[in-house]
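**Student:** Next one to model:
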Amino acid sequence: MIVISDTTCITNLMHIERLDILKNVFHSIIVPKKVYDELCTIPKQKLILEVENWIICQTIQNITIYEQVITDLDEGEAEAITLAHNLSADYLIIDERKGRQIAENLGIKIIGLLGILVLAKQKNIISLLKPLILDLVNVGFHLNEKLLNRVLQSVGETW
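**Tutor:** Okay, here's the model as predicted:
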């Protein structure tokens, strides 16, 4: 399975010290060079990345898609979308609305942090979603309450 990730999901899981969820759901992920660089701007995250060999950094080769999307996105998102497109990824992990829209328009299958947490619960990697969501909110993860309720209900939990 080929899974490409943007910065946000990795950073949020690092902040709540639950990067293991991402590893247990997908086993390995690929990040483009710009995302890797963004993650490494925080010393603690850089140390984690140096140890976690299941997060693989890859440089984009074909920049055609990158040139099409860079005017609307930051460099990390643009590289992640490009890499996902070039590698025909099974998933692109991305939470930002504009990036998700562009990726979907390019036929890239996307998943966000909440979707990963739902998969983790379905695979019995985690037992409850709500405590993790509370941890994420406490570190600044923004959620639409309607979406949050729908996601929790989908796994048999309530807010």
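**Student:** Only C-alpha atoms, please: export the longest helix out of those in the chain in CSV.
**Tutor:** For the chain, the helix with the greatest residue count under DSSP state H is helix 75-86. Presented in CSV, the C-alpha positions along helix 75-86 are these (Å, rounded to 0.1, in the frame of the first residue of the first chain):
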residue,chain,number,x,y,z
GLU,A,75,4.8,23.8,-0.9
GLY,A,76,4.3,20.8,1.4
GLU,A,77,0.7,20.3,0.3
ALA,A,78,1.7,20.8,-3.4
GLU,A,79,4.5,18.3,-3.1
ALA,A,80,2.3,15.8,-1.2
ILE,A,81,-0.4,16.0,-3.9
THR,A,82,2.2,15.7,-6.6
LEU,A,83,3.8,12.6,-5.1
ALA,A,84,0.5,11.0,-4.4
HIS,A,85,-0.5,11.5,-8.1
ASN,A,86,2.9,10.4,-9.5
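**Student:** Walk me through which strands the next helix or strand after it pairs with, and which way each runs.
**Tutor:** Later in the chain than helix 75-86, the nearest helix or strand by DSSP states H and E is strand 91-93. As defined by DSSP bridges, the strand partners of strand 91-93 come to strand 3-5 (parallel), strand 110-111 (parallel).
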